[in-house]
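Participant: got a structure for you, letters missing:
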């Protein structure tokens, strides 16, 4: 069963002659499936290749206009899956779009850090970028009504929203699938980096982060717990973010000296991965981290909404040294929007300092009563 992806619509809009559409996203999030669906409606000649194919690598890393012309041939669309596997892919794509008339190119990659470094500068002014995440609730509404969405909420908080997870019915099978993602896919891009050591400590680092969702983390403390330097912890977390495992949220500050602005909070791209790392798939009534799962879920769903609906926003958390805080702050259109995530229903007023300092800012509590409006 194919669940229509919002980025499929956006891909159709941005694909242009002599431009490259770059699609980033975590492994197993559905990039190849979406491409195959897109190609069903293509009525002109195209070439669909994998960057993992050694023959493809030889041609697309050649930096030879003659070899590139020979490879593309008469195709009007070149699609490269796992493009990060090709050396110097950016320079070669530049040669293709500059020297083959009217050709369109789509390149996908599971690791932003590798693909961005190879593509970014050579394709300045020649590319459009899309991010594809695990399934968004705004996509799932196409296959379920509101009552079904409410019924599936706990499942999403525990098992996440990878496409296969959404389609699997048996919870034990979901657990097996998530553990397979962790063992086979999650760190693959990172571990392939030359010179990277302490691969086992990446898992331990993520497990520590999993307990600190919604809290500022200390690189020094994490380093002491893991027996590595503060700089190494920062580097690993940066790689994990670029490989679409975690997402970093920075502190917001404009006016108050007592605002925390140099700290960061980390969230998981998918709740299911977070719970699999802890091997905890217990139902919510048996857990003490339902609030953390709720906050992680809402923030990631909001990020998907921003990406898929082209909502330009800067995202932060807000906290003062005397512990006044707001979970999520959006800065867009010259205004600030503060959101507090509450799993349990209770009255919550905005911090006085927030209202007094930012007179044009809004504040809203996101609970189970109104969360769908926030994420779809």
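Facilitator: Right, received. Where do you want to start? Only a predicted model underlies this, so the values are computations on that prediction, with no experimental measurement involved.

Participant: Name the residues of whichever strand or helix holds residue 57 that come out as buried.
Facilitator: Under the criterion of DSSP states H and E, residue 57 resides in helix 54-60. Within helix 54-60, the residues that count as buried by 16 or more other CB atoms under 10 Å are 56, 57, 59, 60. In short, each C-beta sits where N, CA and C put it, glycine included.

Participant: can you list the residues you listed in CSV and add distance to residue 263 and pLDDT?
Facilitator: Shown next, in CSV, are those (distance: CB to CB, whole Å; pLDDT from 0 to 100):
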residue, distance to residue 263, pLDDT
56, 44, 97
57, 42, 97
59, 47, 98
60, 42, 97
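
Participant: Next, find the distance separating the residue nearest to residue 229 when sequence neighbours are not counted from residue 180.
Facilitator: Residue nearest to residue 229 in three dimensions, not counting chain neighbours: residue 223, with 5.6 Å by CB to CB, 6 or more residues apart in numbering. According to CB to CB, to the nearest Å, residue 223 and residue 180 sit 30 Å apart.

Participant: for residue 338, same thing?
Facilitator: For residue 338, the distance to residue 180 (CB to CB) stands at 39 Å.

Participant: Neighbour count: these two, which is higher?
Facilitator: Legend: neighbour count by other CB atoms under 10 Å for residue 338 and residue 180, higher for residue 338 (24 against 14).

Participant: can I assume the more buried one sits in a strand?
Facilitator: Yes: counting by DSSP: H, G, I helix; E, B strand; the rest coil, residue 338 falls inside a strand.

Participant: Now do the contacts for it.
Facilitator: Neighbouring residues of residue 338 by CB atoms under 8 Å, 6 or more residues apart in numbering: 318, 326, 328, 329, 350, 354, 361, 362, 363, 364.

Participant: give me the beta-bridge partners of it?
Facilitator: residue 329, residue 363 (DSSP bridges).

Participant: The longest helix along the chain: which residues count as buried?
Facilitator: For the chain, the longest helix by residue count, based on DSSP state H, is helix 290-308. Within helix 290-308, the residues that qualify as buried are 290, 292-308, counting by 16+ other CB under 10 Å.

Participant: Spell out, range by range, the strands that occur in the stretch 51-200 of the chain.
Facilitator: Along the stretch 51-200 of the chain, counting by DSSP state E, counting those that start in this stretch, strands occupy 77-81, 104-109, 127-131.

Participant: And the ones you listed: which comes nearest residue 370?
Facilitator: strand 127-131 (25.9 Å; CB to CB).

Participant: Give me the residues contacting that closest one.
Facilitator: Residues outside strand 127-131 that contact it (CB under 8 Å, 6+ apart) are 7, 10-11, 14, 16, 19-25, 119, 307.

Participant: mean confidence for that strand?
Facilitator: The pLDDT scores in strand 127-131 average 94.

Participant: for that strand, the distance to its chain's centre please.
Facilitator: Mean-position distance between strand 127-131 and its chain equals 13 Å (CA atoms, centre = their mean, to the nearest Å).

Participant: what do you get for stretch 115-125?
Facilitator: Offset of stretch 115-125 from its chain centre (CA atoms, centre = their mean): 19 Å.

Participant: Please identify the buried residues of it?
Facilitator: Residues of stretch 115-125 classed as buried by neighbour count (16+ other CB under 10 Å): 115, 116, 118, 119, 122, 123.

Participant: per-residue confidence averaged over the helix or strand containing residue 208?
Facilitator: Under the criterion of DSSP H and E, residue 208 resides in helix 199-210. Averaged across helix 199-210, pLDDT comes to 90.

Participant: by how many degrees do it and helix 290-308 diverge?
Facilitator: 100 degrees (axes from the mean of the first three to the mean of the last three CA atoms, to 10 degrees).

Participant: Which SSE is immediately downstream of helix 199-210?
Facilitator: In N-to-C order, the element after helix 199-210 by DSSP H and E is helix 219-226.

Participant: Report the angle between that next one and helix 199-210.
Facilitator: 130 degrees.

Participant: And helix 219-226, what does it pack against?
Facilitator: helix 199-210, helix 230-242 (3 or more CB pairs under 8 Å, 6 or more residues apart in numbering; DSSP states H and E).

Participant: Just send the ones you listed back as JSON lines, with distance to residue 153 too.
Facilitator: Below are the helices and strands packed on helix 219-226 laid out as JSON lines (distance: least, CB to CB, whole Å):
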{"stretch": "helix 199-210", "distance to residue 153": "20"}
{"stretch": "helix 230-242", "distance to residue 153": "26"}
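
Participant: tell me, how many neighbours does the residue lying closest to residue 191 once chain neighbours are set aside end up with?
Facilitator: Spatial nearest neighbour of residue 191, chain neighbours left out: residue 199 (5.4 Å); criterion: CB to CB, 6+ apart. Residues near residue 199, counting by other CB under 10 Å, number 10.

Participant: now swap in residue 36 and tell me
Facilitator: As a burial measure, residue 36 scores 13 neighbours (other CB under 10 Å).
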